[in-house]
Structures are given as structure tokens and as C-alpha cells.
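Participant: Fold the following.
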Amino acid sequence: MRKCKEDVESMTERILFDTTYLLPILGMRVRGLRGYEKYIGGMLDIYDVYYHPVSLIESKWELLHLLRRRSGRLLPLENCL
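Facilitator: Here you go, the predicted model:
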């Protein structure tokens, strides 16, 4: 099936963010990810951005892990869910 020119021009490209790209949105630095702040705004304007729910859960666990390390003690699990 061929697509007409109008259909092709109106198609928006999609991008899937994994945990690496979700963490900076949530305020965490990611080692080796440079210039993120410079490009993320443009990416959000140009692309339809998606993420897998598992990546969001993984991001939450990374944030909790960081909080636990910084506090020097274990946080009660019921306060983290």
C-alpha cells in the first residue's frame, strides 16, 4: 500500500526514552550523558516521545537507591511506594 504525500508529511516521528533519558527529567544526573539539557527541549518539540512503564519503575528505584545512599540509612519501604 502506497502512502500519499500528505500522509507522509503529516507523520510525526516517534522516539522511545529508556531509563537513561527519563532520569534527567526526574532530576538525576547520568554519567556520560552530555548536553542533555541543550537537546531535550528540541526533542520534545519535534518527536512524539514515549517511554515503557518498566523504565518509569526502574527510574523510581534508581531515585530511591540514591535517596537511601544519601541519607545513610534505609528508608522504610512503605514510605517509598
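Participant: and the closest residue to residue 17 other than its chain neighbours, how far is that from residue 69?
Facilitator: Counting by C-beta to C-beta, 6 or more residues apart in numbering, residue 17 lies nearest to residue 51, which is 4.6 Å off, once chain neighbours are set aside. All C-beta spots, glycine's among them, are computed from the backbone N, C-alpha and C. Distance of residue 51 to residue 69, computed by C-beta to C-beta, to the nearest Å: 25 Å.
Participant: And residue 32, by the same measure?
Facilitator: On the measure of C-beta to C-beta, residue 32 and residue 69 end up 19 Å apart.
Participant: which of the two has more neighbours?
Facilitator: residue 69 (9 against 5; other C-beta atoms under 10 Å).
Participant: Am I right that the more buried one sits in a helix?
Facilitator: Yes. Secondary structure of residue 69 (DSSP: H, G, I helix; E, B strand; the rest coil): part of a helix.
Participant: Might you report the residue contacts of it?
Facilitator: Under the criterion of C-beta atoms under 8 Å, 6 or more residues apart in numbering, residue 69 has no neighbours.
Participant: Please apply the same query to residue 51.
Facilitator: 16, 17, 18, 22.
Participant: do that again at 10 Å, thanks
Facilitator: 15, 16, 17, 18, 19, 21, 22, 25, 59 (C-beta atoms under 10 Å, 6 or more residues apart in numbering).
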